[in-house]
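Student: Quick one: sequence and predicted model below, then my questions.
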Amino acid sequence: MGLVLTLKCGRLELTVDALGVRKAIYLAIAVILAAICCVALPGCGEDDEAAAEACINDAVETAKAATSAEDAPPNLLPGDAAEYGSIDVSGVLSSYYSKFSCSVDDVTVDGDKARARVSAKLFTLDQCLDMQTAALSEVLGSPVPTNDWTCLANGEMPDLQACVNAYEPLLQEAAPKEVSAEVDLKRFDGKWEVDTPYKAFGASDGQALIFLLQNAS
């Protein structure tokens, strides 16, 4: 008992059983914490899902903000990004993303891992390579059998700026495809990030996400 009544010298005294009170306090604290956990845990799950979805949306915005060949996803631009130097590719990137859209349909969180179901409308890898081949053929003045932009014309690399200029209107005229894909994410130091094999090559979340979607169906 926390409180004890005793009769002492003809008087009724009220004394405190310290051990009992301490136990009562601990029990009350435990009950309060349990109640908080019951309320908070579902909210934490919802917060995790929202944070993972925000990671996808941030990756999209990062990708759309690219203005250089180095920041573009692989195969979106013809050739090797290192070959571009000061070549202006902003028009191609703008044309590509002008028809791009992406939405997160569902997110499942499992601890520090998550998987998002994403739907997108974009130019797929095959579409990009076909348009790049057409642009290369235009620049060289004759059809080329492959989309290999290292193809040499008289022993020299084709003019990349001319290739880019021929590629841009093809993007403007073409129609993107609708695709869907599952995107893995992981939480590192409390922050969600896209988790795909391409990240091992130093790609940003935006580059990794677009590359994954380009290869989706």
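Tutor: Ah, there it is. Given the structure is predicted, the values throughout are model-derived calculations rather than measurements. Numbers count the residues shown, from 1 in each chain.
Student: Just give me the neighbour total for the residue lying closest to residue 214 once chain neighbours are set aside.
Tutor: Excluding its sequence neighbours, the residue lying closest to residue 214 (C-beta to C-beta, 6 or more residues apart in numbering) is residue 125, at 4.4 Å. (Each C-beta comes from the backbone N, C-alpha and C, glycine too.) Residues within reach of residue 125, counting by other C-beta atoms under 10 Å, total 17.
Student: So residue 125 sits against residue 217, correct?
Tutor: No: using C-beta atoms under 8 Å, residue 125 makes no contact with residue 217, being 10.6 Å away.
Student: Tell me which helix or strand the residue positioned nearest the centre of the chain sits in.
Tutor: The centroid of the chain falls nearest to residue 56 when counting by C-alpha atoms, centre = their mean (3.4 Å). Element membership of residue 56 [criterion: DSSP states H and E] is helix 18-64.
Student: Report the buried residues of the helix or strand following that helix.
Tutor: Downstream of helix 18-64, the first helix or strand assigned by DSSP H and E is helix 90-98. By 16 or more other C-beta atoms under 10 Å, the buried positions in helix 90-98 come out as 92, 93, 95, 96, 97.
Student: how near is the nearest residue to the third one once chain neighbours are set aside to residue 187?
Tutor: Taking C-beta to C-beta, 6+ apart, and ignoring the residues beside it in sequence, residue 95 has residue 171 as its nearest neighbour in space, at 4.0 Å. Shown here: residue 171 relative to residue 187, a distance of 36 Å by C-beta to C-beta, to the nearest Å.
Student: out of the two, which sits in the busier spot?
Tutor: The residue with more neighbours, out of residue 171 and residue 187, is residue 171; 23 against 18, by other C-beta under 10 Å.
Student: Pretty sure that one sits against residue 97.
Tutor: No: using C-beta under 8 Å, residue 171 is not in contact with residue 97, being 9.7 Å away.
Student: Which strands and helices lie in contact with the helix or strand where residue 116 lies?
Tutor: Using DSSP H and E, residue 116 maps to strand 113-122. In terms of contacts (3 or more C-beta pairs under 8 Å, 6 or more residues apart in numbering; DSSP states H and E), strand 113-122 is packed against helix 18-64, strand 101-110, strand 177-188, helix 205-214.
Student: coming back round to it: can you tell me which residues contact the residue nearest to the centre of the chain?
Tutor: 102, 104, 116, 118, 183, 185, 194, 209 (C-beta atoms under 8 Å, 6 or more residues apart in numbering).
Student: who wins for most neighbours among those residues?
Tutor: Ranking those using other C-beta under 10 Å puts residue 209 first, with 28 neighbours.
Student: So that one sits against residue 60, correct?
Tutor: Yes: using C-beta under 8 Å, residue 209 makes contact with residue 60 at a distance of 6.8 Å.
Student: Least reliable of the helices and strands packed on strand 113-122 by average pLDDT, please.
Tutor: Lowest mean pLDDT within the helices and strands packed on strand 113-122: helix 18-64, a mean of 69.
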